[in-house]
Every structure is written in C-alpha cells, then in structure tokens.
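Enquirer: Give the three-dimensional model of this entry:
(chains A and B)
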Protein chains: 2
Amino acid sequence: MEPKEFKSSITERRKEVLASLGSLGAKIYEQIDKGYFPSIEMPSRSTENIYYDQKFRQFILGDKKVKRSARNIRHLKPFAQLVWTALFSYELTSQRKTSTLRDVYYSAQAYEMTFKDQQESNNIITDLETVLGFSREDFNIFPEERSAVFGDLTIRYTVPGYEGKTLNLTSHPDGVMIGPALTSSEFVETSADKVIAIEKGGLFTRFIEENVHKKFNALLVLTAGQAPRATRHFIRRLNKELKLPVYIFTDGDPWGMHIAMVIISGSANAAHLRDLTTPDAKWSGVWATDIVNYKLPTDPLDDIDMKRLYELQKDPRYKEDPLWQREIKTFMKIRRKAEQEAFSRYGLTYIVDEYLPAKLEETK
Amino acid sequence: MEPKEFKSSITERRKEVLASLGSLGAKIYEQIDKGYFPSIEMPSRSTENIYYDQKFRQFILGDKKVKRSARNIRHLKPFAQLVWTALFSYELTSQRKTSTLRDVYYSAQAYEMTFKDQQESNNIITDLETVLGFSREDFNIFPEERSAVFGDLTIRYTVPGYEGKTLNLTSHPDGVMIGPALTSSEFVETSADKVIAIEKGGLFTRFIEENVHKKFNALLVLTAGQAPRATRHFIRRLNKELKLPVYIFTDGDPWGMHIAMVIISGSANAAHLRDLTTPDAKWSGVWATDIVNYKLPTDPLDDIDMKRLYELQKDPRYKEDPLWQREIKTFMKIRRKAEQEAFSRYGLTYIVDEYLPAKLEETK
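Expert: Numbers count the residues shown, from 1 in each chain, chains lettered A, B, ... in the order given. Predicted structure coming up:
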C-alpha cells in the first residue's frame, strides 16, 4: 500500500487507520475462507530497495516486494507476530490508549505471543507500518522522548476526557510537552507566520524570555536534540496545514546539521513513510560560515566529527541544495564547531537581537 | 554561610538571593576600603569534609574552610572569576533572565573574563552556591534537561509577562514542562493528597490516560531519568509547602533505585545545599522483591549493575532504612532486573489497576 500523505483531519485519519487495520484482517480471513494459506505482501525495506526521491525530497522504497506466508514454516512466526501486532494496534487505536515500543514488547506476553527481544518486536512494528503505510504514532505507539512547543496557536484536543477542549500554547511559559494529546489535536487558530525549531532547551527558554514568539510572530518548537518522529510530524503539520515556513536552528556541527536535515528530508529508516518530512523547511544556522563570520568561540572537530562530515558529503539528501555542500566544505576547512550558546560571548540577547533576524532574512 | 532551608515565598526568596549577592559585594568593597586584600571564605567541598547527616538525612559539609584571597597570586584568578560570577548572577536575577551553565561559560567572554573550559566555570558556580548557601537555580542558572508535571494544582506565575496569571496543571494532558517559570511559581490550590514521581515518559502518559491523577488524587511528576535539580526542588516544595507525601516509581534496577534515592537524600555533589532533598519521600517500586512477587519478565544484571549494587550497599544513605539493604541483597541474589513496562505482560492497565494501589498502601 502507498504511504499516506497527511491530508485528512485527525478524527478522519483515526478512522482511516482503523479501516486499514480492519481490511488487513478481512483479507486474511478471506484467504482462509477460500482455503488458501494466508499471506501478506509489502515493499522490501532492504538497502538495495531504498532510493532518494527528488520529487518527495526524501528516501522512498522501490518496487521490490517481500511476502510473508503462513505456508512457509520460516514465515509462520513473523506472520503471526505481524497479525498480533495489527490486533494490538487496533485495540490501542479503537480504545484510544497509547503505548510505547517497550510496552508492546511486554504486552505480547499477555497474549502469549513471544518476541525474542525488543529488536524483533520493533522490526515487526515497522513491518506493520510498511504494510499499512501509516506510522506507528498513527496507531498510538509513541516514542519515549519528549520535546516541547510554545507560541500563539490554539489547539483543540481529540483525546478522551479532553474532546473539544482548547488550549493556547502560550499558556505555560516553559512550554508544553509534545505527546500523544498534542499531536492528535486539531489546529484552531494562530497569529504566527512562521515556525522556529530549536535544538536546545536553554535557547528555547531564552527565546521565550526574549519574546521571540511576539517579536517574530513565531511558534517555537524545542526538538531537544534529534527530533522524535512525533515532533517531526507535528512540524510537518504546522507547515502543511497552517502554511507556515519553518526555520531550524541547531548547533554548528555535523550533528546539528543532521538534526535539521532529518526534519527536512527524513531518514532512510522511514523510507516507507511519507508524513514525517518538511521538505521546504530551512536550516538557518549555526552554519560553518556563521562560525567564521560571527567569530564565534569554537571547539576543534574531532575524528568522529570529520568522519561524519565525509559521510554526509556523499549523502543524496545533502546534494539537493548547494548550501549543504558549501557548509560541509567550510566545516572541513576550518575544522572547528560552535554551539548555539556561543553567541552569549556578545551578551545573552545578541542571538535574539542580531543573529536571529539576520538569519531569518537570509534563509527566507 | 549556612545553606538556606526553603521557607519563604518565591518573591521573598528572590529578594534574599539578591540581598545575599549584594552583601557579598559589600564585604569585598569594605575590605578594599580598609586597605585589605579582599578575600572570600567558604566551607571546603573536598571529600574529607563531606559527611552524611542523620538529622538532615543527606550529605552535608563539615567545618573545614577554604579561603580565596586576592593577596595570593594563585587565588587571584578564581577570586576574580567568583566575583564576576556573582555579578553575572546578580544581573540575571535582578533582570529576571535565566541562563544555563553553558551560557555562563560563553557569557564570560562578553566581559573578557576567561575560563579555561566549561568545567572551570561550573566549579566556580558551585563555589558561589557554597558561599551563598543558595542553589544556582535560585540565581537563575538552570539545567538543560527537562521534566514534566500533570495534575490538579493551580500555580501562579512570578516570571515577567506572566505575573499573577494562573494555570491549572491539568490544562495539557501531555504534561507541562518543569522549567524556570514553573519552579518559580507560587502554589495556589490543589485537590491532590499525594505526589507520584515516575521515571519514564511512557508510564507517565499511561498514568494520565488511566486517570491516575483522579483515581488516586495525585500530582504526577515525570523525572525523565535522573531528576534534574530543579525537579528535585519542585518535588521538595510539593512535599514541604503542600504537605503532600511523595511516592517514587522507577525501573527495578540499581539505577532506578538510585533515582529514587537522589530525590530522597540528594547527592554528595550538593552537600553544600539544603533544599534539593525530600527525606520523607518513599521509593515505592519496582523493588527487587516485586520482581519476584509479581513474576515480572526480566533481564540479567550485568557486571556494571553488580558493581553499582556493591557501591550502594556501602553508601550511608542506603543504611537509613532496612528496606534498601533488603532490596540490594535481593537484587544480588536474583541477579535480575525489570523495567516498569514489564507489568504490561499482565495487560496495559494492570500497573494502574493492581500494582499501583498495592504499592501505595504498602509504602504509606
């Protein structure tokens, strides 16, 4: 099945997920009714079937398929595990309970379904994503990591006990958590005209204190390092549903650069999914050239940093825009990295007063 | 100066912090006026001056003092650094801006004050804590890590732009972040009669979904692993100001056990401070004996886990209550550990329906 683009409302999407799980079950029943061994077919996720797609500006899966059949004794266990995972996901989604990857692994034991280890159970969940074209967050399996958001956006909850209630995301000046309730909410109203995603908690707090949300009409998203998938999906929704441009601020090193890239173009691991990327989002800094131009305090790039730069240089995602190659080359040349907090050398508010407006303009 | 017990209101406390910084400055001026080389004296934080105190049920500093004098050429740099840090802290606190350890390190450059590295700047901040008896969060230097809270507690903000505004902490069902705005708020009203602190995000979400806050009249705090100091201080305030008993739920392993212990009795690193502990809080599970009694799915304890258990066995904090020694011995005997999610083997809601009420009763 083709991965789903995010178009429908949250409630409709939940119905689609349930319908999709139901039809998977119906197909299996049908095969059994007809006297066949039931089987499930899905796109292969092996490396040679992963391509970078310029239209979607992300990795996608090619035409190779794999089939799990109850006829094949080696397939029998993963087939049963996949069907159980679909059942469990259906229960979660219809009862509107959320779960984690870890929980699913242990829950299997309540059904006398065995997984060798956590990795095996995670793989089967990814299989189910591939079969359905929905991501696990759609069937209520959430990551452990948490990030946060702040700014003038009013949301309307769809989770049990809160249906129809609204919250304005400026209500708590430390930010509200991005969890299942937030990501499943509908967007009601915003005065913001952009989204600023920030890697680090310290800077997120500084931006709130300095009223960046007001001065720049921005919604502020704290990714807290590599953005969890739910947060990437949330950023995509802000971009697609509210038509807000997205600017990403990270540390000035290969790891920060890649945090931005994964928000923009996703990861190879999610080549079977479509709604975790924001191709038009911009990496606004800290660039290697910013380190030079702003004379920032730096640390040397170590061997692991350099190795990472060589990997990124060859990555198709980094060939989309000449900006990336230029910055990679500059990093390699100066062999230095700088953190977002490095701007404090010019005073605590310099980053908000000088750097931020300059970079928003430059990457518009 | 003796570490400060938390007694006063937030606004008064801020005044005390500023007065304390002011009087430090005044003392230095006075010494210079009288023609002396200025000096600052503080309790020594070296290992041989750290004692476990049974009254406070935490580590404290002994009577040994160290002196930093501008007369001693080797002291001159740390003396200047300490005075600068006091100045910067005064600016932060009086302007009500927050900062991070990292920010302080870089900010020094704006004043042409040099620190060799981050560690040197962190040490000087701890010196300032020791001199004043206030913790760095009191002078607005916050950690990067974030945790969260959910439940029926109405708070009143004291941060600029939000003074006097209130928020009920059930407003956002994913939880609100514990940051500078939350920790500096006043507590207005609560219907809760206990606090439940939880190590992991997945369980925190499960507890909210299963209405633990209503069923058990509880405020839920997510520590997100080892609780950041601001969160430990917040838990202490809930316990001291609102007289709420605190129950802590962690993974069943030496690391989870120690997360609970640090909330209860603090760390040796904070022996110079008094308001980060909650001595009456209870570690309610997952105990080693729970692993046995509830027949939980487990993983083996590895060498690092075992080494940690031997360390904890000798730690004075673990000699306070026979419970700790019993659990350490049981871990050593069964050589197994279990995560909180392991209860999912009995169904997703078992932990809330069966385990939680049993353990709250047992550790009352």
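
Enquirer: drop to CA atoms for contacts and neighbour counts, all remaining ones
Expert: Will do.

Enquirer: The stretch 101-250 of chain A against chain B: which residues are in contact?
Expert: A:102-104, A:106-110, A:142-146, A:148, A:162, A:167, A:171-182, A:200-202, A:205-206, A:209 (C-alpha under 8 Å from any C-alpha of the partner chain).

Enquirer: from those, which ones fall inside helices?
Expert: Judged by DSSP state H, those include A:102-104, A:106-110, A:180-182, A:201-202, A:205-206, A:209 as members of helices.

Enquirer: Could you give me the PyMOL syntax to select whichever of the residues you listed are buried?
Expert: Restricted to buried positions by 16 or more other C-alpha atoms under 10 Å in any protein chain shown, the PyMOL selection for those reads:
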select buried, chain A and resi 102+103+104+106+107+108+109+180+181+182+201+202+205+206+209
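
Enquirer: what pLDDT, on average, does the helix or strand where residue A:219 lies get?
Expert: Element membership of residue A:219, judged by DSSP states H and E, is strand A:218-222. Per-residue pLDDT over strand A:218-222 has a mean of 98.

Enquirer: Give the buried residues for it.
Expert: For strand A:218-222, burial by neighbour count (16+ other C-alpha under 10 Å) applies to A:218-222.

Enquirer: which helices and strands does the next helix-or-strand element following it pack with?
Expert: Later in the chain than strand A:218-222, the nearest helix or strand by DSSP H and E is helix A:229-241. Other elements packing on helix A:229-241 under the criterion 3 or more C-alpha pairs under 8 Å, 6 or more residues apart in numbering or on different chains; DSSP states H and E are helix A:180-183.

Enquirer: which residues are in contact with the helix it packs on?
Expert: By C-alpha atoms under 8 Å, 6 or more residues apart in numbering or on different chains, the list of residues contacting helix A:180-183 from outside reads A:98, A:140, A:142, A:155, A:157-159, A:230-231, A:233-234, B:172-174.

Enquirer: I'd like those residues as a markdown table, with pLDDT and distance to residue B:66 appended.
Expert: Below are these laid out as a markdown table (pLDDT from 0 to 100; distance: C-alpha to C-alpha, whole Å):
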| residue | pLDDT | distance to residue B:66 |
| --- | --- | --- |
| A:98 | 87 | 54 |
| A:140 | 90 | 56 |
| A:142 | 85 | 51 |
| A:155 | 96 | 55 |
| A:157 | 95 | 57 |
| A:158 | 91 | 59 |
| A:159 | 91 | 57 |
| A:230 | 89 | 51 |
| A:231 | 94 | 49 |
| A:233 | 93 | 54 |
| A:234 | 95 | 53 |
| B:172 | 96 | 48 |
| B:173 | 94 | 49 |
| B:174 | 93 | 47 |
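
Enquirer: Can you say which of these are buried?
Expert: Members of the contacts of helix A:180-183 classed as buried by 16+ other C-alpha under 10 Å are A:98, A:140, A:142, A:155, A:157-159, A:230-231, A:233-234, B:172-174.

Enquirer: Can you tell me which of those is closest to residue A:29?
Expert: Closest approach to residue A:29 among the buried ones among the contacts of helix A:180-183 (C-alpha to C-alpha): residue A:140, at 24.5 Å.

Enquirer: Could you find the closest non-adjacent residue to the closest one?
Expert: Counting by C-alpha to C-alpha, 6 or more residues apart in numbering or on different chains, the nearest residue to residue A:140 once its immediate chain neighbours are dropped is residue A:98, at 4.7 Å.

Enquirer: what sits against the one you found?
Expert: When contacts are counted by C-alpha under 8 Å, 6+ apart, residue A:98 touches A:92, A:140-142, A:180, B:205-206, B:209.

Enquirer: do stretch A:334-350 and chain B meet?
Expert: Yes - under the criterion of C-alpha under 8 Å from any C-alpha, stretch A:334-350 makes contact with chain B via A:341-348.

Enquirer: Please point out which parts of that stretch sit buried.
Expert: Within stretch A:334-350, the residues scored as buried using 16+ other C-alpha under 10 Å are A:335-349.

Enquirer: now, which of those residues lie within helices?
Expert: Among these, no residue falls in helices (DSSP H).

Enquirer: and the gap between the residue nearest to residue A:140 and residue B:105?
Expert: 41 Å (C-alpha to C-alpha, to the nearest Å).

Enquirer: in stretch A:148-166, what's buried?
Expert: Neighbour counts using 16+ other C-alpha under 10 Å place A:148-159, A:166 of stretch A:148-166 among the buried residues.

Enquirer: What of stretch A:59-74?
Expert: By neighbour count with 16+ other C-alpha under 10 Å, stretch A:59-74 contains the buried residues A:59-62, A:68-70.

Enquirer: can you narrow those to ones near chain B?
Expert: Among the buried residues of stretch A:59-74, proximity to chain B is found for none (C-alpha under 8 Å from any C-alpha).

Enquirer: will you turn the residues you listed into CSV that also has distance to residue B:310, secondary structure and pLDDT?
Expert: Formatted as CSV, the buried residues of stretch A:59-74 follow (distance: C-alpha to C-alpha, whole Å; DSSP: H, G, I helix; E, B strand; the rest coil; pLDDT from 0 to 100):
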residue, distance to residue B:310, secondary structure, pLDDT
A:59, 49, strand, 92
A:60, 50, strand, 92
A:61, 50, strand, 93
A:62, 53, coil, 93
A:68, 49, strand, 95
A:69, 51, strand, 95
A:70, 50, coil, 94
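
Enquirer: Now render these as a markdown table, adding distance to residue A:241.
Expert: Below are the buried residues of stretch A:59-74 laid out as a markdown table (distance: C-alpha to C-alpha, whole Å):
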| residue | distance to residue A:241 |
| --- | --- |
| A:59 | 23 |
| A:60 | 23 |
| A:61 | 26 |
| A:62 | 28 |
| A:68 | 37 |
| A:69 | 40 |
| A:70 | 42 |
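
Enquirer: quick one, helices of chain A?
Expert: Counting by DSSP H, one finds helices in chain A at the ranges A:10-33, A:76-95, A:101-110, A:118-132, A:180-183, A:201-209, A:212-215, A:229-241, A:254-265, A:288-293, A:303-314, A:322-334, A:350, A:356-362.

Enquirer: got a list of contacts for the fourth one?
Expert: Helix A:118-132 has contacts (C-alpha under 8 Å, 6+ apart) with A:1-3, A:20-21, A:40-43, A:78, A:81-82, A:85-86, A:101-102, A:104-105, A:115, A:135-136, A:272-273.

Enquirer: now the angle from it to helix A:101-110?
Expert: Counting by axes from the mean of the first three to the mean of the last three C-alpha atoms, to 10 degrees, helix A:118-132 lies at 100 degrees to helix A:101-110.

Enquirer: Need the mean per-residue confidence for helix A:118-132.
Expert: Per-region confidence: helix A:118-132 scores 95 on mean pLDDT.

Enquirer: same check, this time on stretch A:269-282
Expert: Mean pLDDT, computed over stretch A:269-282, is 91.

Enquirer: Could you check which residue of the stretch 151-300 of chain A lies nearest chain B?
Expert: Nearest to chain B in the stretch 151-300 of chain A, going by C-alpha to the nearest C-alpha, is residue A:176, at a distance of 4.5 Å.

Enquirer: Per-residue pLDDT of that residue, please?
Expert: 95.

Enquirer: Show me what it is bridged to.
Expert: For residue A:176, the beta-bridge partners are residue A:149, residue B:176 (DSSP bridges).

Enquirer: follow-up on the earlier one: any chance of TSV for the buried residues of stretch A:148-166, columns distance to residue A:309?
Expert: Converted to TSV, these look like this (distance: C-alpha to C-alpha, whole Å):
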residue	distance to residue A:309
A:148	29
A:149	30
A:150	32
A:151	34
A:152	37
A:153	37
A:154	40
A:155	39
A:156	42
A:157	42
A:158	43
A:159	42
A:166	44
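
Enquirer: now, which of the residues you listed sits nearest residue B:317?
Expert: Distances from residue B:317 to those, taken by C-alpha to C-alpha, are shortest for residue A:148, at 35.1 Å.
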